[in-house]
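Enquirer: sequence below, structure please.
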Amino acid sequence: MTLDPVIRLRLSTMMFLEFFVWGAWFVTLGTYLASDLGASGSQIALAFLTQSLGAILAPFIVGLIADRFFAAQRILGVLHLFSAVMLFLAGRQDDFGAFFVFSLLAMISFMPTLALANSISFRRMQSPERQFPSVRVFGTIGWIVAGLLIGWLGWETGGLLANTFVMAAIGSALLGVYAFTLPHTPPEQTDGPTTVRDILGLDALALLKTRSYLVFFIASILICIPLAFYYNFTNLYLNEIGVQRAAALQSLGQVSEALFLLIMPLMLKRLGIKKTLLLGMIAWALRYTLFAFGDAGSLLWIVVIGLLLHGICYDCFFVAGQIYTDRFAPAKVRSAAQGLISLATYGVGLLIGSLISGPIVDAFIAADGTHEWRAIWLIPAGLAVLVTLFFATLFKEKEAPEPAAVQS
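Expert: The predicted structure is shown next:
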């Protein structure tokens with residue numbers, strides 16, 4: 001069963017722009033704040049926390065507004081047009097307080113569009129488990145292109161990172177207009193009113209009564225605490241140690257993500273859920289250790305390996321975790337379960353990680369004003385090891401039902 005080529009092209013374009021917008025400003029955000037606004041580590045972490053706040057509020061926006069009253073493509077367009085204005089204004093601020101307000105508004109409007117883009121895609125597919133990955137991969141390509149453009153234009157070394165907000169705003173405005181041309185995706189017909197319990201996926205909490213899923217759920221929150229260090233400070237780290245075109249180099253992580261996404265079904269078949277999840281966690285700890293001992297000179301290859309591990313870190317935990325949740329949850333609560341795990345990871349886990357990573361980075365400032373990155377990176381490496389041991393000891397894969405067809 002194949003997807004209509006025209007529909008595939010239109011959905012792929014949507015995904016490309018969706019993640020181009022995100023990658024255009026979020027990757028280099030820490031470096032921009034430190035260099036242009038003189039922000040501290042705590043302030044940088046606070047800025048990245050806007051992603052978590054957006055993720056927490058997203059179910060309300062999608063569940064209360066988009067799913068009930070408006071066609072998905074229209075609310076996608078409105079949110080992106082609003083986000084475009086907020087991104088443009090954020091890049092024109094001279095103090096952190098004003099910047100935080102506009103970036104928060106941008107993220108509150110952007111994070112719900114991730115679910116809306118998926119919804120628009122799924123509604124046009126007869127076999128999402130087979131057809132969606134080849135469309136979603138264009139989102140990863142969009143993120144890569146954004147990083148390559150920043151590197152090619154020399155905005156990091158030239159002190160011109162404010163331009164990234166203009167680029168992101170243009171991309172968001174383009175998608176905002178383009179969204180209104182997408183296939184009509186009206187609200188799903190439901191029996192009775194949508195409740196707060198439905199929106200938050202509280203019916204899926206019953207899954208936590210099973211020990212293994214509870215262990216997985218807790219591990220998902222905990223592993224996102226060290227993940228915040230990667231999202232918040234990798235670009236600043238690369239620029240401080242003297243890596244040229246850092247944003248472009250970071251795109252290697254998304255290349256790796258795309259490749260591992262394609263082989264994920266095979267990995268799950270050969271390794272099973274537990275070993276795949278553990279592989280992702282171990283890669284997390286290894287990545288931070290490599291960052292701790294790498295440099296921009298003869299040991300740059302170590303840093304590059306650490307960046308390439310992003311595909312294993314992300315796909316072997318997040319994607320495999322989504323598949324595990326889909327297998328484990330009864331059909332009637334699968335959507336709610338996916339929403340709950342997203343809220344736990346991108347919301348709660350990254351929020352905690354952002355709150356603790358900033359003060360830790362501030363505690364390791366050298367005399368010359370740079371950071372003692374070895375000491376910093378070994379902390380999330382240690383946290384990842386502890387989470388790995390917790391999961392390896394307590395998770396029992398045999399409690400899960402027999403797997404159905406592998407989905408991604």
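
Enquirer: what about Pro359, how many residues nearby?
Expert: Look at Pro359: counted by other Cβ atoms under 10 Å, it has 12 neighbours. In this view, the C-beta of every residue, glycine as well, is placed from N, C-alpha and C.

Enquirer: what's around Thr210, how many residues?
Expert: Residues near Thr210, counting by other Cβ under 10 Å, number 15.

Enquirer: so what's the predicted local confidence for it?
Expert: The pLDDT attached to Thr210 in the predicted structure is 88.

Enquirer: distance of it relative to Ala337?
Expert: Using Cβ to Cβ, to the nearest Å, one obtains 12 Å as the distance from Thr210 to Ala337.

Enquirer: is Gly369 in a helix, a strand, or coil?
Expert: When the structure is split into helix, strand and coil by DSSP: H, G, I helix; E, B strand; the rest coil, Gly369 lands in coil.

Enquirer: ok, it - how many residues close by?
Expert: Other residues near Gly369 number 8, with proximity taken as other Cβ under 10 Å.

Enquirer: residues in contact with stretch 116-124?
Expert: Contacting residues not belonging to stretch 116-124 are listed as 3, 7, 11, 14-15, 18, 62, 66, 72-73, 75-76, 79, 128, 132, 135-136, 139, 182-183, 185 [Cβ atoms under 8 Å, 6 or more residues apart in numbering].

Enquirer: apply 6 Å and report the result again.
Expert: Contacts of stretch 116-124 from elsewhere in the structure, counted by Cβ atoms under 6 Å, 6 or more residues apart in numbering, are Ile7, Leu11, Met14, Glu18, Ala72, Gln73, Leu76, Pro128, Val135, Pro183, Thr185.

Enquirer: format the residues you listed as a markdown table; extra columns: distance to Leu286 and neighbour count.
Expert: Compiled in a markdown table, these are given as follows (distance: Cβ to Cβ, whole Å; neighbours: other Cβ atoms under 10 Å):
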| residue | distance to Leu286 | neighbour count |
| --- | --- | --- |
| Ile7 | 40 | 16 |
| Leu11 | 35 | 26 |
| Met14 | 35 | 26 |
| Glu18 | 30 | 27 |
| Ala72 | 39 | 27 |
| Gln73 | 41 | 24 |
| Leu76 | 38 | 28 |
| Pro128 | 33 | 17 |
| Val135 | 31 | 26 |
| Pro183 | 43 | 15 |
| Thr185 | 41 | 21 |
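
Enquirer: in helices, which of those fall?
Expert: Taking DSSP state H, the ones among these that sit in helices are Ile7, Leu11, Met14, Glu18, Ala72, Gln73, Leu76, Pro128, Val135.

Enquirer: pLDDT added to the residues you listed, as TSV?
Expert: Written out in TSV, the entries for the ones in helices among the contacts of stretch 116-124 read as follows (pLDDT from 0 to 100):
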residue	pLDDT
Ile7	92
Leu11	94
Met14	96
Glu18	95
Ala72	82
Gln73	90
Leu76	91
Pro128	67
Val135	85
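
Enquirer: how about those in JSON lines, adding distance to Phe99?
Expert: As requested, the ones in helices among the contacts of stretch 116-124 are arranged in JSON lines below (distance: Cβ to Cβ, whole Å):
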{"residue": "Ile7", "distance to Phe99": "39"}
{"residue": "Leu11", "distance to Phe99": "33"}
{"residue": "Met14", "distance to Phe99": "28"}
{"residue": "Glu18", "distance to Phe99": "23"}
{"residue": "Ala72", "distance to Phe99": "30"}
{"residue": "Gln73", "distance to Phe99": "31"}
{"residue": "Leu76", "distance to Phe99": "25"}
{"residue": "Pro128", "distance to Phe99": "38"}
{"residue": "Val135", "distance to Phe99": "34"}
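
Enquirer: out of those, flag the one nearest to Ile312.
Expert: For the ones in helices among the contacts of stretch 116-124, the minimum distance to Ile312 (Cβ to Cβ) is 22.6 Å, reached by Val135.

Enquirer: contacts only, for the closest one.
Expert: With contacts defined as Cβ under 6 Å, 6+ apart, Val135 is in contact with Leu11, Ser12, Met15, Ser121.

Enquirer: by contact count, what packs against whatever helix or strand Ser172 lives in?
Expert: Using DSSP states H and E, Ser172 maps to helix 163-179. The contact analysis (3 or more Cβ pairs under 6 Å, 6 or more residues apart in numbering; DSSP states H and E) places helix 163-179 against helix 5-26, helix 72-90.

Enquirer: how about the helix or strand just after the shortest one: buried residues?
Expert: The reference is to helix 72-90. From helix 72-90 onward toward the C-terminus, using DSSP H and E, the following helix or strand is helix 96-122. Residues of helix 96-122 classed as buried by neighbour count (16 or more other Cβ atoms under 10 Å): 96, 99-100, 102-121.

Enquirer: average pLDDT across helix 96-122?
Expert: Mean pLDDT, computed over helix 96-122, is 89.

Enquirer: would you mind getting the angle between that helix and helix 72-90?
Expert: Between helix 96-122 and helix 72-90, the angle comes out at 160 degrees (axes from the mean of the first three to the mean of the last three Cα atoms, to 10 degrees).

Enquirer: how far does helix 96-122 sit from its chain's centre?
Expert: Computed by Cα atoms, centre = their mean, to the nearest Å, the chain-centroid distance of helix 96-122 equals 12 Å.

Enquirer: before we move on, what about stretch 261-278?
Expert: The mean C-alpha position of stretch 261-278 is separated from the chain mean by 20 Å, Cα atoms, centre = their mean.

Enquirer: ok, residues contacting it?
Expert: Counting by Cβ under 6 Å, 6+ apart, stretch 261-278 makes contact with Asp315, Cys316, Phe317, Val319, Ala320, Tyr324, Ala392, Phe395, Glu397, Val406, Ser408, all of which sit outside it.

Enquirer: now do the phi/psi pair for the second one.
Expert: Meaning Cys316. Backbone dihedrals for Cys316, given as degrees, to the nearest 10, come out at phi -70, psi -10.

Enquirer: skipping its backbone neighbours, what lies nearest it in space?
Expert: The shortest distance from Cys316 to any residue that is not its chain neighbour, by Cβ to Cβ, 6 or more residues apart in numbering, is 3.2 Å, and that residue is Gly280.

Enquirer: same check on Ala320?
Expert: Nearest to Ala320 is Thr276, by Cβ to Cβ, 6+ apart, at 4.6 Å.
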